[in-house]
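*Asks:* below is the sequence, then the predicted model.
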Amino acid sequence: MRCFASVAVFFVADIAFRRGFMKKNFFYGIDVFKLLCAVLIVCIHTAPLESLSTRANSLLVNCFCRVAVPFFFVSSGFLVFKKVQIGQNFGFSPIWKYVKKILWLYLFWSAVYFPFTAARIYRNRGTGAALSIFLDWLKNMVFSAGYGFLWYLPATAAAVLAVGFLLKKRVSINAVLAIGFCLYLVGLCGQSYFGLVRQIPHSPELSAAVKSVYDFIGTTRNGIFEGFVFIALGAKLSQKENFGTLKKSAAGLALSLILLCGEFALVSKMRWRLEFDMYLMLLPCAWFMLKTALCFRPNLPEKLLRLCRPYSSLIYFTHMLFIDGYCLFTRAEYTDSFLMFAIGLLPALLVSTAAILLSGKKHFLFLKKIY
C-alpha cells in the first residue's frame with residue numbers, strides 16, 4: 001500500500017511538472033515546511049490524540065501546532081518583501097498584487113463555506129434569523145473571518161499592507177518590528193495572558209471600554225495584533241543575504257520550542273489563557289523556523305518539491321469541508337479524534353490531487369486561482 005501511494009504521488013508530480021503548472025523558482029525548504037504546517041492545522045481542528053491522552057493532545061494541539069500560523073505569516077512576509085527593495089526605491093506593486101490574490105482567495109473560500117455558516121446559525125436561531133445571519137456574516141467577514149479558520153487570509157492582507165505602508169514611508173524595518181512587538185503584546189492580553197492582565201488593577205471605565213472593543217472585534221487573533229510582527233520578521237529576513245547554517249538555525253528552533261513548552265505549561269497552570277493562538281515564544285520559533293527552512297535543502301526530486309506549495313494550500317482550504325460536512329450531515333460530534341483527523345486529511349489529499357491534475361488542462365486553468 002505504501003509503495004502504491006509513492007507511485008501515485010510521483011505520477012501526479014510527473015504530470016504536473018510536464019504541464020508546467022508552476023514554472024517559477026521557489027525556496028523549496030519553505031514549501032516543505034508549509035506542507036507540514038498545513039497538516040498541523042488539521043491537527044488543531046481535529047485533536048487527533050484526544051482519544052488516547054488528553055495531556056498529550058493538549059501539548060500537541062495547543063503548543064507545538066501553534067507554530068503553523070506564525071510560520072505562514074513569516075514566510076509570506078519573507079516572500080513578498082523579497083520582491084521589493086526596502087529603502088529609497090520601494091515599489092508597492094508586488095504588495096498590491098499579493099494582497100489582491102489573498103483577498104480573492106478569501107472571498108472565494110468564504111463563499112464556499114457560507115452554507116455551513118448559515119446551516120449552523122439556522123439550527124440555533126431558526127428561519128426568522130435570516131437577515132441576522134447575513135449581517136453577522138458580513139461583520140465577521142470584516143473583523144474576523146467569513147468562516148472560522150479563514151481568518152488567516154484577511155489577517156495576512158492587513159498585515160502586509162500595514163508593514164508595506166510603513167516601509168514605503170521610510171520607517172526603518174527595526175522600528176516596524178518594534179511597533180509590531182508592541183501590538184503583539186496587546187494581542188497577548190486577549191489570548192494566553194488574558195487571566196494575568198485581568199488581575200492588574202484598573203478603572204471600571206477602562207475595563208468596560210476594552211470589553212466593548214473586544215466583544216465587537218471578537219478576538220485579538222488578527223492581522224494587526226498577531227500577524228503584523230510576523231510579517232515584519234519575514235520582511236527583515238528577506239533583506240539578508242546570509243541566513244546562517246542549518247545546524248545553528250535548527251538548534252535555535254529546538255531551544256525556542258523548549259521555551260514554548262515552558263510558556264505553555266506556565267499559562268496553563270496559572271489558568272491565564274483565554275485562547276491558545278499567541279505566545280511570546282512563537283516569535284523566536286517563527287524566526288528560527290524560517291531560517292531553518294531557508295537553509296534546508298530537501299534531497300527530493302524537483303517534481304515532488306514543486307507539489308508542496310499547492311498541496312499545502314489546498315489541504316488548508318479544503319480540510320474543513322470534510323470535517324464540518326461530516327458533523328453536519330451525520331449530526332455526530334468529534335467522538336473519535338483520530339477518525340476526525342483522517343476525515344479531514346485524507347479526502348483533502350484526494351481533492352488536492354484532483355485539483356492539481358485538472359489545473360494543468362486547458363479548460364480547468366481557473367483552478368490555479370483557488371490555491
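*Replies:* Structure received.
*Asks:* okay, Gly195 and Arg271: tell me how far apart.
*Replies:* 6 Å (C-beta to C-beta, to the nearest Å). Backbone N, C-alpha and C define where each C-beta goes, glycine included.
*Asks:* Asn222 too?
*Replies:* For Asn222 relative to Arg271 (C-beta to C-beta), the value is 24 Å.
*Asks:* same question for stretch 152-166: list its buried residues.
*Replies:* By neighbour count, with 16 or more other C-beta atoms under 10 Å as the criterion, the buried positions of stretch 152-166 are 152-164, 166.
*Asks:* and stretch 221-233, end to end?
*Replies:* With C-alpha to C-alpha, to the nearest Å as the measure, stretch 221-233 spans 17 Å from end to end.
*Asks:* contacts for that stretch?
*Replies:* For stretch 221-233, contacts defined as C-beta atoms under 8 Å, 6 or more residues apart in numbering pick out 69-70, 73-74, 76-77, 80, 143-144, 151, 154-160, 162-163, 173, 176-177, 179-181, 183-184, 186-187, 190-191, 220, 275, 277-278, 283, 286-287, 290.
*Asks:* any chance of a PyMOL selection covering the buried ones in the residues you listed?
*Replies:* Burial among those is assessed by 16+ other C-beta under 10 Å; the matching PyMOL selection reads:
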select buried, resi 69+70+73+74+76+77+80+144+151+154+155+156+157+158+159+160+162+163+173+176+177+179+180+183+184+187+190+191+220+277+278+283+286+287+290
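*Asks:* in helices, which of the contacts of stretch 221-233 fall?
*Replies:* 69-70, 73-74, 76-77, 80, 143, 154-160, 162-163, 173, 176-177, 179-181, 183-184, 186-187, 283, 286-287, 290 (DSSP state H).
*Asks:* near Val142, how many other residues are there?
*Replies:* Counted with other C-beta atoms under 10 Å, the neighbours of Val142 add up to 10.
*Asks:* how close does it get to Gln191?
*Replies:* Taken as C-beta to C-beta, the span from Val142 to Gln191 is 21 Å.
*Asks:* again with Trp96
*Replies:* 30 Å.
*Asks:* helix or strand for Tyr106, which one?
*Replies:* helix 93-125 (DSSP states H and E).
*Asks:* just the mean pLDDT for that helix, thanks.
*Replies:* Average pLDDT, helix 93-125: 87.
*Asks:* show me what it is packed up against.
*Replies:* helix 68-81, helix 130-143, helix 152-168, helix 302-330 (3 or more C-beta pairs under 8 Å, 6 or more residues apart in numbering; DSSP states H and E).
*Asks:* how much does the third one deviate in direction from helix 130-143?
*Replies:* By that I understand helix 152-168. 40 degrees (axes from the mean of the first three to the mean of the last three C-alpha atoms, to 10 degrees).
*Asks:* any weak-confidence spans in the stretch 51-200 of the chain?
*Replies:* Across the stretch 51-200 of the chain, the ranges flagged by pLDDT under 70 are 88, 124-130.
*Asks:* number of residues surrounding Gly262?
*Replies:* Around Gly262 there are 12 residues (other C-beta under 10 Å).
*Asks:* the helix or strand hosting it: how far from the chain's middle?
*Replies:* Secondary structure assignment for Gly262, by DSSP H and E: helix 246-269. With C-alpha atoms, centre = their mean, to the nearest Å as the basis, helix 246-269 stands 19 Å off its chain's centre.
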